[in-house]
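Visitor: Fold the following for me, if possible:
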Amino acid sequence: MTGRRVPTSTYRLQVTPDFDLTAARDVVDYVRDLGADWLYLSPVLQAEPGSQHGYDVVDHGHVDTERGGDEALRALADAAHAVGLGVLVDVVPNHVGVATPEVNPWWWSVLEHGQESPVAWAFDVDWDAGDGKLRVPVLDDRLLDAVELRDGRLYLGDTAYPTAPGTVHDGDTVADVHARQHYEFVHWKRADHELNYRRFFAVNTLAAIRVEEPEVFAASHGTIGTWFRDGLVDGLRIDHPDGLYDPAGYLQDLAGLTGGAYTLVEKILEPGEELPSSWPVDGTTGYDALGVLDRVFVDPAGEESLTAASGSEPTDWRQLTHDTRRGIADGILGSEVERLARLLAPGTGSAAAEPIPHERLVDAVAEIVASFDVYRTYLPEGAHHLIDALERAASARPDLDDVIDRIAPALVDPANAAAIRLQQTSGMVMAKGVEDTAFYRTSRLTSLSEVGGDPSVFSVSVRDFHQAQRDRLGSWPHTMTTLTTHDTKRSEDTRARIAVLAELGHEWAAVLERLQSLAPLEDAVLADLLWQAIVGARPASRERLHAYAEKASREAGDSTTWTAPDEDFEQRMHALVDAAFDDPAVVAVLDALDERIDAAGWSNGLGQKLVQLTAPGVPDVYQGTEFWDRSLVDPDNRRPVDYTERRHVLAELDGPDDDGPERLPVVGLDGAAKLLVTSRALRVRRDNPELFTRYLALEATGSAADHVVAFDRGGAITIATRLPIGLDRVGGWGDTLVHAVPTDRVDLLTGRSVPAGRGIALADLLTDYPVALLVPAHVAEATDHGTETRADSGAPADSGAGPAGESDAQAEIDILEGHA
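Guide: Next up, the predicted model:
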């Protein structure tokens, strides 16, 4: 479409009541100076009071007042557009927040009026299953004794619930009033099998809406449409499309609303899976790219020794994930399985066959949803994944073969309600069974247990990495790539450090054995996972690690759980964490390991950052990760960002003093080196798109050829070290060359001139950093003083002098030396 904008990169901001839209506006100039092309905002519509994430929208009619409201979004958008930045906003079509009913007008109306509510159609409720009532799972063991009747409302603590008109009389008890309502309070444990409204996964306080209905779409997307009509927003990120009744239809409706604006979907692709070709979108949010990028920095030689070191860990990933998914289907998502079985029941009987007993039908459905190798199908697209799941289920459970045969025709029919419901359910089971359970039951190399990843795939060869980049450029050139998000299990730099353990192999196994002897924990897999988290996130605080240990152990569910915590086990687990701070012997082991992996971890961190920022796709920088960021799972990865310090360091990089002769060491806990890599890569990509028009893998030759990944994007050349410990073992770069078209180039990170020749000598190039970003010499000269202008805005292309000559580079080195 005419005027359609597509970003060259994005910068994700977590907008919260504490970091609101006004605060976001205040960092617009910093994001522009950093080199990012668009702002990328977390959800901003009205959310639950105090919500820190915004995915619990309660009112689609306006921007969250705690986040600044409509005018603050307008001011932010105006400020961004004034300096040439686009605006991408995260939206949540699948569900709404219902924890506080009186702030959600739709939910309040349905509670008050039931099926007669004018918005009853908005929610996905099985009224028959609740005998005409909506089941609300909020009671504890006190049951109705915990409920109060005040001012004509029912209260559970401070949370109010409406009463239907004419249902409250003088002298009524709580039980009398409760019995007359269109909803039924039930014990929270009954949600597993008796809930009658669809949720986001197993979160009872996030109720799904039927956005497939035109009225619901219009009511929930009116404000979003206004954003585009008013020119405030340029693109959207769609949360959890796999929960929708008809993702393709929704995306078509959305494209009509936005005029075909840039759109990404949070679609988790399993290895080898393709995004549906019929979707009118630009790509995914980047987890598929993350999995490949991580693994090219993992040493395949470490697989055997790390597998042995993991001890009692299950070795069959497919079986493990089948079992964890089946546990979810039988447990916290049992209500969804029950509902699917109810849909199938009317079609299972005939004159020639007896009806299938309900418990066998539920068993078969649970087995099928546990047997998918992808999150969901989009019938008729992807039907082969469903057929495979049916066949695997029948093979695993021959006692259910007859049931599966009888329900299969309904499940493969795209128009059948049961088939649609199965598609909405399988993704929930996959997410909870794999990401939130199995990932915590495997510890061979925990950096591999990332959203969209398969831990059984240990590493990716350089050749396969290059092929993945060519495929992305050819099929989805504007899809997002990422290294860290608000949902990653570990941030990029934590994973970069953990990846080094694959190079240590038996050495790490010995360290782990020593740590286990000093601070034993009977759950060996969890202990291994915790030690890797401690090593990867070091020097994370005691409080952060205790919080992580609690979440990881309860998500794993082997030794303790959320619903039934084992206090004795958790006490021993927390003692392990404390030992990392209080036991001198443990601290000594960890300090020695730090000395061994620090430089390699930083090398991996810089390498993966530069590769991600310059490879095909639209790279996103998650807030703050332009510095070193060793975060763990949420909420740890949503901590506030110190933008004052980042501004200060960036200003020093862009306008250094002229004195000081020392060279820059790569290491630096405050991230100056990473900020340099990030800013120079983002800027050249934004300001010189002509250098990023193709993808050509560059061959390396010589004694250390296996330790480099290099590619030419059409003028900009990326060179990154991989497997740095192995590089030291072979004696460094030696005679290693990277072969590119001979022309005079400049490294944007150091200003070093690289004259045309038969091969780029890495021993000469990579003396300051483990990475290099080369551009033609004339480009470096043209951008030396940041005088080029943005074609789309007239804003300066850069915030200050860029490194083009040796003197400028030397001055930058002096500045960075002070931040090492």
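
Visitor: what does stretch 157-175 rub up against?
Guide: By CB atoms under 8 Å, 6 or more residues apart in numbering, the list of residues contacting stretch 157-175 from outside reads 99-102, 108, 111-114, 136, 138, 144, 146-149, 152-155, 176-177, 180-183. For glycine as for every other residue, the C-beta is placed from the backbone atoms N, C-alpha and C.

Visitor: right, I mislabeled it, should have said stretch 212-224
Guide: Contacts to stretch 212-224, defined as CB under 8 Å, 6+ apart, come from residues 45, 60-63, 89, 91, 93, 119, 121-122, 209-211, 233, 236, 244-246, 249-250, 253-254, 257-258.

Visitor: Now restrict those to buried residues only.
Guide: For the contacts of stretch 212-224, a neighbour count by 16 or more other CB atoms under 10 Å gives the buried set as 45, 60, 63, 89, 91, 93, 119, 122, 209-211, 233, 236, 244-246, 250, 253-254, 257-258.

Visitor: Please spell out which residues along the host helix or strand of residue 218 are buried.
Guide: When elements are assigned from DSSP states H and E, residue 218 belongs to helix 214-229. Neighbour counts over helix 214-229 (16+ other CB under 10 Å) mark 216, 217, 219, 220, 221, 223, 224, 227, 228 as buried.

Visitor: nearest residue to the last one other than its sequence neighbours?
Guide: Yep, that's residue 228 we're talking about. What sits nearest to residue 228 in space, not counting adjacent residues and going by CB to CB, 6 or more residues apart in numbering, is residue 258, at 4.9 Å.

Visitor: Put the buried members of the contacts of stretch 157-175 into a ChimeraX selection.
Guide: Buried subset of those, written as a ChimeraX selection, criterion 16+ other CB under 10 Å:
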select :99,100,101,108,111,112,113,114,136,138,147,149,153,154,177,181,182,183
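
Visitor: Identify those among the contacts of stretch 157-175 that sit within helices.
Guide: With helices taken from DSSP state H, the overlap with the contacts of stretch 157-175 comprises 108, 111, 112, 113, 176, 177.

Visitor: Do a quick rundown of the helices in the stretch 401-550 of the chain.
Guide: Counting by DSSP state H, counting those that start in this stretch, residue ranges of the helices within the stretch 401-550 of the chain are 401-411, 417-430, 462-475, 492-504, 506-518, 524-537, 542-556.

Visitor: could you redo the ones you listed as a markdown table and give each row mean neighbour count, distance to residue 737 and mean pLDDT?
Guide: Formatted as a markdown table, the entries for the helices of the stretch 401-550 of the chain read as follows, by neighbours: other CB atoms under 10 Å; distance: least, CB to CB, whole Å; pLDDT from 0 to 100:
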| stretch | mean neighbour count | distance to residue 737 | mean pLDDT |
| --- | --- | --- | --- |
| helix 401-411 | 18 | 57 | 96 |
| helix 417-430 | 23 | 45 | 97 |
| helix 462-475 | 16 | 15 | 98 |
| helix 492-504 | 27 | 23 | 98 |
| helix 506-518 | 17 | 31 | 96 |
| helix 524-537 | 24 | 34 | 97 |
| helix 542-556 | 19 | 44 | 97 |
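
Visitor: Of all those, which one comes closest to residue 7?
Guide: Taking CB to CB as the criterion, residue 7 comes closest to helix 462-475 out of the helices of the stretch 401-550 of the chain, the separation being 15.5 Å.

Visitor: what's the closest one packed up against?
Guide: Counting contacts by 3 or more CB pairs under 8 Å, 6 or more residues apart in numbering; DSSP states H and E, helix 462-475 is packed against helix 287-295, strand 696-697, strand 708-712.

Visitor: And the average pLDDT for the shortest one is what?
Guide: What it means is strand 696-697. Mean pLDDT, strand 696-697: 98.

Visitor: Not counting its own residues, what contacts it?
Guide: 462, 463, 466, 469, 470, 710, 711, 712, 713, 714.

Visitor: need the buried residues of helix 214-229 in JSON lines with pLDDT and distance to residue 585, can you?
Guide: Shown next, in JSON lines, are the buried residues of helix 214-229 (pLDDT from 0 to 100; distance: CB to CB, whole Å):
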{"residue": "216", "pLDDT": "97", "distance to residue 585": "61"}
{"residue": "217", "pLDDT": "98", "distance to residue 585": "61"}
{"residue": "219", "pLDDT": "97", "distance to residue 585": "62"}
{"residue": "220", "pLDDT": "98", "distance to residue 585": "58"}
{"residue": "221", "pLDDT": "98", "distance to residue 585": "59"}
{"residue": "223", "pLDDT": "98", "distance to residue 585": "58"}
{"residue": "224", "pLDDT": "98", "distance to residue 585": "57"}
{"residue": "227", "pLDDT": "98", "distance to residue 585": "58"}
{"residue": "228", "pLDDT": "98", "distance to residue 585": "61"}
